[in-house]
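[1] Have a look at this prediction, sequence included:
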Amino acid sequence: MIRRRKIKEASIPTASMADIAFNLLLFFLVATTFDIDTGIGLTLPEYLPPEKIPQIDVQKDRIATLYINEKGDIVFNDRYIEIGEISNNLKPLITDKIDVPSNKKLIVSIKTDRKTVYSKYISVLDQVKKAYFIVREEYSLANYGQKYKDLDTDTQKIIKEKIPIIISLAEPGTN
């Protein structure tokens, strides 16, 4: 009788599969970038109950008001303007208050309707900050002969104190 030879079955070695999977996982974790939305960079005050909030009288000439209605129309100091005009209208008001004491600086009050589109609100906030950054840049060039970003930290701090960004975000209304 003829003996049949047993043929070994073909097999794939799996001992190193875990190592390969781990290396692939590690590669993709290191090589992948995550898009992180940082949100709005605002420092908010701590919460106080309404009865404990101190009432401060502010002169009318210190306040620049911006109102955004539900249709997205922007009212700046009682007149309608476009988003692109906000920084140009704010610059002279900020510049006029550079040499006044810190308790007399300009306050930009932004109020929205509850149905205002969020992107419109962010665009208005960006234009307000842009106006302050432009004024700081112009002040830096006029008084120090350099761009704001090229100044040393101490000089930048002096300019920030002279031209502080003071924005009042009012509670959204329904009007």
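    Arrived safely, thanks for sending.
[2] When you work out contacts or count neighbours from here on, use the C-alpha atoms and nothing else.
    Fine.
[3] quick one: Ser168 is in a strand?
    Yes: the assignment for Ser168 by DSSP: H, G, I helix; E, B strand; the rest coil puts it in a strand.
[4] Can you tell me who it pairs with across the strands?
    Ser109 (DSSP bridges).
[5] Next one, pLDDT for it please.
    pLDDT, Ser168: 87.
[6] Over to Phe76?
    Value for Phe76, per-residue pLDDT: 94.
[7] mind checking the SS state of the nearest residue to it once chain neighbours are set aside?
    Distance criterion CA to CA, 6 or more residues apart in numbering; nearest residue to Phe76, sequence neighbours excluded, is Leu66 at 4.7 Å. Secondary structure state of Leu66, per three-state DSSP, is strand.
[8] wait, Leu66 sits on Gly72?
    No: using CA atoms under 8 Å, Leu66 is not in contact with Gly72; the gap is 11.7 Å.
[9] what about these two, which has more around it?
    Leu66 (24 against 19; other CA atoms under 10 Å).
[10] OK, contacts around that one?
    74-77, 108-111 (CA atoms under 8 Å, 6 or more residues apart in numbering).
[11] Which strand residues bridge it?
    Those that pair with Leu66 in a beta bridge, by DSSP bridges, are Phe76, Ile110.
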